[in-house]
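S.K.: Sharing a model that was predicted from the sequence below.
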Amino acid sequence: MKNGDPYNISLFKRISAIQNTRTCTMAFLLSNRYMYRPVRENGYFMYIYDILGISNYADSDFPIIGNVTDANPPRGEDLVFSKDETLLVVNYGQGIVIYDSQEKFNLTALSYWFISYQLNGGPSSIVLSDDNKYCIVASRTIGKFFLLDISDPTKPNLVNQLYTNGAELLLKSSVYTNVAYVCDGTSGFAILDFSALPQFKFISRIPVDGWANHMALISNEKYAIISSKDYNGMISVIDISNLQNPVIISKYIKTMSNQLLIVSLKVQNMAFQQATKVLEYFLQKLDRYPLFILRAKTEFLAQSYIKQSLNWLKSIDLTSPFIYN
């Protein structure tokens, strides 16, 4: 976005993907200088890039300063650093691999753990406890959460599991010490109490239309924006200021569209939603009223629509949160 202008978006950089690489996630360290990206190409499972001075690489590749080799690299859909950044856990086929990440550019595999092949499902999301004792692995294809004791990261041990018929996504709170948020497929949105581990205890749960697929947390985790698949493109805005009583305050539906991913920018009051073949843009007006979201982009190149919508926004006076389509 040039000068932070949401209707002046251009593609700055495309990172090449060859062979079986399908980039599903990336992680960033040290003020976003280093980028970790799972790959499946040329005998590599991961590349580590130095993206300092990102504007200098519009026409050239980011320098690769580290990698992880693998003779037959599987898909790595999620990767999570521990809070102290000493461990890195990555989806590895039908399981996970735990790396010693104390040397940030020279990762060492400590152990592997795999879901039983009889269950025929792979991980979709990973979350770690702040003390590095527990790792929860979600598997959407099975609809189950697996709890591993990784206090000895060389010997991960399955200590509990929970079937919810969802298990899509887990996201650890950055505000609360013992809280994680859960997109639980057809079982809706839930808030998990980490202090109760190794038992699974949910602080609260709320139904969400469709398959709760992804989330963005905004306003210091006062709100969660949940995207859903398989329900004509549903977005739900949930007030989570009271963890025991989350409340849906707004909904948006786009027919013939699956909502795949939602990302919120912390610096600016904006969010971006990836739908089927579409990039959508939303305004979050949080200074005058709890939440306002504007769907302002129907196609990637429809910049005039955004400009018209922003002009419309300036011309009205809003007093309550709602969704405009």
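M.R.: Received the coordinates, thanks.
S.K.: Please make it C-alpha for all contacts and neighbour counts, starting now.
M.R.: Will do.
S.K.: ranges for the helices of the protein?
M.R.: 303-314 (DSSP state H).
S.K.: Could you list the low-pLDDT ranges of it?
M.R.: The model of the chain has pLDDT under 70 over residues 1-2, 4-11, 19, 230-233, 254-325.
S.K.: Now do the contacts for the closest residue to M26 other than its chain neighbours.
M.R.: Spatially, and ignoring its direct neighbours in sequence, M26 is nearest to R37 (4.9 Å; C-alpha to C-alpha, 6 or more residues apart in numbering). Counting by C-alpha atoms under 8 Å, 6 or more residues apart in numbering, R37 touches T23, T25, M26, A27, M46, Y47, I48.
S.K.: Which of those sits closest to F145?
M.R.: T25 (19.8 Å; C-alpha to C-alpha).
S.K.: Select only the buried ones of the contacts of R37 in ChimeraX?
M.R.: The buried subset of the contacts of R37, as determined by 16 or more other C-alpha atoms under 10 Å, is captured in ChimeraX by this line:
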select :23,27,46,47,48
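S.K.: so can I have CSV of the contacts of R37 showing distance to F189?
M.R.: Output for these, formatted as CSV (distance: C-alpha to C-alpha, whole Å):
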residue, distance to F189
T23, 25
T25, 21
M26, 24
A27, 24
M46, 31
Y47, 33
I48, 33
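S.K.: Who does the residue nearest to M26 form a beta bridge with?
M.R.: Bridge pairing for R37 (DSSP bridges) gives the partners Y47.
S.K.: What residues of stretch 64-76 count as buried?
M.R.: By 16+ other C-alpha under 10 Å, the buried positions in stretch 64-76 come out as G66, N67, V68, P73, P74, R75, G76.
S.K.: first to last residue in it, what's the distance?
M.R.: End-to-end span of stretch 64-76 (C-alpha to C-alpha, to the nearest Å): 18 Å.
S.K.: same thing with stretch 43-61?
M.R.: Stretch 43-61 end-to-end distance (C-alpha to C-alpha) = 19 Å.
S.K.: Same check on stretch 15-32?
M.R.: Start-to-end, stretch 15-32 (C-alpha to C-alpha) is 17 Å.
S.K.: Tell me the spacing between Y134 and I150.
M.R.: For Y134, the distance to I150 equals 6 Å [C-alpha to C-alpha].
S.K.: now swap in Y36 and tell me
M.R.: Plainly put, Y36 is 22 Å away from I150 if you go by C-alpha to C-alpha.
S.K.: now Y117
M.R.: Distance check for Y117 against I150: by C-alpha to C-alpha, it reads 21 Å.
S.K.: Neighbour count: the two, which is higher?
M.R.: I150 (19 against 10; other C-alpha atoms under 10 Å).
S.K.: got a list of what the closest residue to that one other than its chain neighbours touches?
M.R.: Excluding its sequence neighbours, the residue lying closest to I150 (C-alpha to C-alpha, 6+ apart) is P156, at 4.7 Å. Contact partners of P156, counting by C-alpha under 8 Å, 6+ apart, are S111, Y112, W113, L148, D149, I150.
S.K.: ok, back up a step: please narrow the buried residues of stretch 64-76 to those residing in strands.
M.R.: Mapping the buried residues of stretch 64-76 onto strands (DSSP state E) picks out G66, N67, V68.
S.K.: Enumerate the beta-bridge partners assigned to the second one.
M.R.: Each beta-bridge partner of N67 is listed here, defined by DSSP bridges: Y47.
S.K.: Could you check how far it is from F105?
M.R.: 7 Å.
S.K.: Likewise for the last one?
M.R.: Distance, V68 to F105, by C-alpha to C-alpha: 9 Å.
S.K.: What of the first one?
M.R.: When distance is defined by C-alpha to C-alpha, G66 is 5 Å away from F105.
S.K.: what sits in contact with each of these two?
M.R.: Counting by C-alpha under 8 Å, 6+ apart, the residues touching both G66 and F105 are I48.
S.K.: Understood, closing this out.
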